[in-house]
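Chemist: whatever this is, show me its structure:
(chains A and B)
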Amino acid sequence: MSGFVEYSEAAAWLTATLTGISGMTGGVQEHPAAELSTYPLVTFSEQAWTDVSVINGHRVWSELLFLVTAISKGESTLALKAIATEIDNRLHRASGTTTDGQIIESIRQGGFQTSEVDNGVSYRRLGGFYQLIVQPTNP
Amino acid sequence: MPMAGVAHKGYRPQSVSRRTIGTVKAGRGAFNLFPAIADAFPGALSDVVTEVTDAIAQDASSNAPVEAEKRYPSDPEPGTLRDSWDVKLRNSKTTGEIVTGRVEFKAPYAFYVEVGTVHTRAQPFLVPAVMRGRALFNGLVEKLESRLPR
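Modeler: The predicted model follows:
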């Protein structure tokens, strides 16, 4: 195996896996959300990226920690419950394949919720940290 | 009847031998390091916890984003986040040894730098340090024997 970028594989898998959640009008985006987005939407951002197993200089797999959240305007986190639950349904204890690699496992490491005000507009975020174990098809 | 010294389901020994194990006869004398190892073990683990906690704090601090200059007068001084780290070590109530370490960044906006806001990107500096610290911790525990009496 020559070059392999785990982030690209993980991002593609997250986008494909999370697309089509009912009620999510703004789609799936890499964080941060675009300025002119429609809400609610889902974003993901990479929080950590570690090569866990290296044998003779070859990466066997990598762990990537992603923060995946549903975001809505307004002051109710309850409005995000259905989307955040579906995120967890699709990502926790999940696995899959990508163009050049595979997601051996996706596991939630912890929950996440925040509220914030940006330019006078209130937002809520609800979701969790998901750890993905990513491996090239031919390591 | 169960054999002596073999655990069987439902079998409860009426008395437990407290003879020292690990005594090795050497020449005319004998030595037994198990008590010394047992005594040193909590302290050695405590040292590992302290070292890893400090390493995580230094790592995260060195990777915390620092603005080149203030954009607005109300902005914090550049480097405020980097310098706001703090370490809290907690001791065991029974042994007095340090058993947990906690790294905090006290700048009030630290959390939003780490995870981003709705319209700003995440700039994680603490979680990656914790991930590297986990590997460091595993490595130090694997070599824990070198910190114990021989």
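
Chemist: what about the helices in the chain?
Modeler: The chain I'm using is chain A. For chain A, helices defined by DSSP state H occupy the ranges A:6-18, A:81-91.

Chemist: my bad, the chain I had in mind was chain B
Modeler: With helices called from DSSP H, chain B shows them at B:34-63, B:110-115, B:126-142.

Chemist: any idea which of these is most buried?
Modeler: helix B:110-115 (a mean of 18; mean count of other CB atoms under 10 Å in any protein chain shown). Backbone N, C-alpha and C define where each C-beta goes, glycine included.

Chemist: packing partners for that one?
Modeler: Packing contacts for helix B:110-115, counted by 3 or more CB pairs under 8 Å, 6 or more residues apart in numbering or on different chains; DSSP states H and E, involve strand A:41-55, strand A:101-118, helix B:126-142.

Chemist: which positions in chain B make contact with chain A?
Modeler: B:112, B:114-122, B:124, B:127-128, B:130-132, B:135 (CB under 8 Å from any CB of the partner chain).

Chemist: now do the helix or strand of chain A with the lowest mean pLDDT: which elements does it pack against?
Modeler: Using mean pLDDT, DSSP states H and E, strand A:41-55 stands out as the lowest-scoring helix or strand of chain A, at a mean of 90. Helices and strands touching strand A:41-55, as assessed by 3+ CB pairs under 8 Å, 6+ apart, comprise helix A:6-18, strand A:28-30, strand A:58-73, strand A:121-136, helix B:110-115, helix B:126-142.

Chemist: may I have the last one as CSV, with CA atoms only?
Modeler: These are the backbone C-alpha positions of helix B:126-142, laid out as CSV (Å, rounded to 0.1, in the frame of the first residue of the first chain):
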residue,chain,number,x,y,z
LEU,B,126,-6.3,19.0,24.3
VAL,B,127,-7.8,15.8,23.1
PRO,B,128,-4.9,15.0,20.7
ALA,B,129,-2.6,15.5,23.7
VAL,B,130,-4.7,13.1,25.7
MET,B,131,-4.5,10.5,22.9
ARG,B,132,-0.7,10.8,22.8
GLY,B,133,-0.7,10.7,26.6
ARG,B,134,-2.5,7.4,26.5
ALA,B,135,0.3,5.9,24.4
LEU,B,136,2.8,7.3,26.8
PHE,B,137,1.0,5.9,29.8
ASN,B,138,0.8,2.4,28.2
GLY,B,139,4.6,2.6,27.5
LEU,B,140,5.5,3.6,31.0
VAL,B,141,3.3,1.0,32.6
GLU,B,142,4.9,-1.7,30.4
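
Chemist: could you give the angle of it to strand A:101-118?
Modeler: Here the directions of helix B:126-142 and strand A:101-118 differ by 130 degrees (axes from the mean of the first three to the mean of the last three CA atoms, to 10 degrees).

Chemist: neighbours around A:Asp88, how many?
Modeler: By the criterion of other CB atoms under 10 Å in any protein chain shown, A:Asp88 has 17 neighbours.

Chemist: residue contacts, it?
Modeler: A:108, A:128 (CB atoms under 8 Å, 6 or more residues apart in numbering or on different chains).

Chemist: for B:Pro35, see how far away it is.
Modeler: Remark: distance between A:Asp88 and B:Pro35 (CB to CB, to the nearest Å) = 50 Å.

Chemist: what do you get for B:Arg102?
Modeler: Distance of B:Arg102 to B:Pro35, given as CB to CB: 32 Å.

Chemist: interface residues of chain A facing chain B?
Modeler: For chain A, the contact set with chain B under CB under 8 Å from any CB comprises A:31-33, A:35, A:45-50, A:63, A:65, A:67, A:71, A:112, A:114, A:116, A:118, A:123, A:125.

Chemist: kindly write the ChimeraX command that selects the buried subset of the residues you listed.
Modeler: In ChimeraX, a selection of the buried entries from the residues of chain A next to chain B looks like this (16 or more other CB atoms under 10 Å in any protein chain shown):
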select /A:31,32,33,45,46,47,48,49,50,63,65,67,71,112,114,123,125
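
Chemist: residue most distant from the centroid, chain A?
Modeler: What lies farthest from the middle of chain A is A:Asn56; by CA atoms, centre = their mean that is 30.6 Å.

Chemist: where does the chain have low pLDDT?
Modeler: Using chain A here. Chain A contains residues with pLDDT under 70 at A:1-2, A:139.

Chemist: please go with chain B instead
Modeler: Across chain B, the ranges flagged by pLDDT under 70 are B:1-31.

Chemist: B:Thr95 versus the most centrally placed residue in it, what's the distance?
Modeler: With distances taken as CA atoms, centre = their mean, B:Val49 lies nearest the centre of chain B, 2.8 Å away. B:Val49 sits 12 Å away from B:Thr95, going by CB to CB.
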